[in-house]
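K.L.:
Sequence and predicted model, in that order:
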Amino acid sequence: MEPVRDNPVTIDKLHEIKADTLFIQGDKEWEDLSRISEHFKQVQSIRFIIVEGADHMVTLTHPKTIVNHINLFLHKRVLE
């Protein structure tokens, strides 16, 4: 049995996101996850960060780098 969807697929609604968005991924990412980042280009106010030497577990392997990028992102939002 196929699931019934009353609403459009979420990926088709990414352009509706109004919040400032930070998208972080590693440069050694799986191909399918890299394609996901392409879809997120639909978000109006998005910033992409690519962490060198990181894979899909970037939050576990590079936590200090992630925290630094998040802090900079949030700090910039406060100043604007």
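P.N.:
Right, received. Where do you want to start?

K.L.:
From here on, just use CA atoms for contacts and neighbour counts.
P.N.:
OK.

K.L.:
My impression was that residue 24 belongs to a strand - is that right?
P.N.:
Yes. Checked against DSSP: H, G, I helix; E, B strand; the rest coil, residue 24 lies within a strand.

K.L.:
Who are the packing partners of the least confident helix or strand in the chain by mean pLDDT?
P.N.:
Ranked by mean pLDDT, DSSP states H and E, the weakest helix or strand in the chain is helix 31-39, scoring a mean of 85. Helices and strands touching helix 31-39, by 3 or more C-alpha pairs under 8 Å, 6 or more residues apart in numbering; DSSP states H and E: there are none.

K.L.:
Pull the distance from that helix to the chain's centre.
P.N.:
On the basis of C-alpha atoms, centre = their mean, to the nearest Å, helix 31-39 sits 10 Å off its chain's mean C-alpha point.

K.L.:
So what touches it?
P.N.:
11, 14, 23, 56 (C-alpha atoms under 8 Å, 6 or more residues apart in numbering).

K.L.:
Over to stretch 10-28?
P.N.:
Contact partners of stretch 10-28, identified using C-alpha under 8 Å, 6+ apart, comprise 37, 39-40, 42-58, 66, 70, 73.

K.L.:
Put the buried members of those residues into a ChimeraX selection.
P.N.:
Buried members of these can be picked out in ChimeraX with the line below, counting by 16 or more other C-alpha atoms under 10 Å:
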select :40,42,43,46,51,54,55,56,58,66,70
